[in-house]
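**Q** next come a sequence and a model predicted from it.
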Amino acid sequence: MTRAELHQIVDDLPEEALDGASVMLHGIATGAIDADQAWVWTPEWQAKLRGALEDLAAGRVTRFDNDEDLLAAI
């Protein structure tokens with residue numbers, strides 16, 4: 001992605017998304033968010049994370065006390 005493409009994306013953001021985008025970009029620029037980890041902020045990964053949190057909240061998880069129990073379950 002070029003800087004020009006990034007500027008276009010920012011220009012196309014809805015007003016209600018500007019604060020969140022600025023926090024993320026500022027975090028990357030200042031090093032608070034590792035640029036190598038910025039992928040987690042993509043829409044696809046945010047959707048996956050929301051789904052995982054919904055599963056946790058609904059109790060759709062299995063917890064294991066140890067590695068052996070986990071391996072036995074799979």
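**A** Cool, got the structure. The structure displayed is predicted, hence computed values, not measured ones.
**Q** which residues touch Ala72?
**A** Applying CB atoms under 8 Å, 6 or more residues apart in numbering to Ala72 gives no contacts. For glycine as for every other residue, the C-beta is placed from the backbone atoms N, C-alpha and C.
**Q** restricting to C-alpha, output stretch 10-29 in CSV.
**A** Below are the C-alpha coordinates for stretch 10-29, written out as CSV (Å, rounded to 0.1, in the frame of the first residue of the first chain):
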residue,chain,number,x,y,z
VAL,A,10,-8.5,8.0,5.6
ASP,A,11,-10.4,10.4,3.4
ASP,A,12,-13.1,7.8,2.8
LEU,A,13,-13.6,7.0,6.5
PRO,A,14,-17.0,7.8,8.0
GLU,A,15,-16.8,10.6,10.6
GLU,A,16,-17.6,8.2,13.4
ALA,A,17,-14.5,6.1,12.6
LEU,A,18,-12.0,9.0,12.6
ASP,A,19,-11.2,8.8,16.4
GLY,A,20,-10.5,5.1,16.4
ALA,A,21,-8.4,5.3,13.2
SER,A,22,-6.4,8.2,14.6
VAL,A,23,-5.7,6.3,17.8
MET,A,24,-4.5,3.2,15.9
LEU,A,25,-2.3,5.2,13.4
HIS,A,26,-0.9,7.3,16.2
GLY,A,27,-0.1,4.1,18.1
ILE,A,28,1.8,2.6,15.1
ALA,A,29,3.6,5.9,14.4
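**Q** pull the residues that contact that stretch.
**A** By CB under 8 Å, 6+ apart, stretch 10-29 touches 32-33, 35, 38, 41.
**Q** 10 Å instead?
**A** 6, 9, 32-35, 37-38, 41 (CB atoms under 10 Å, 6 or more residues apart in numbering).
**Q** how many other residues sit next to Leu71?
**A** 9 (other CB atoms under 10 Å).
**Q** give the helix, strand or coil label for it.
**A** Recorded secondary structure, Leu71: helix (DSSP: H, G, I helix; E, B strand; the rest coil).
**Q** check the gap between it and Trp39 for me.
**A** 29 Å (CB to CB, to the nearest Å).
**Q** ok, so of the contacts of stretch 10-29, who is nearest Asp67?
**A** Taking CB to CB as the measure, Gln37 is the one of the contacts of stretch 10-29 closest to Asp67, at 26.2 Å.
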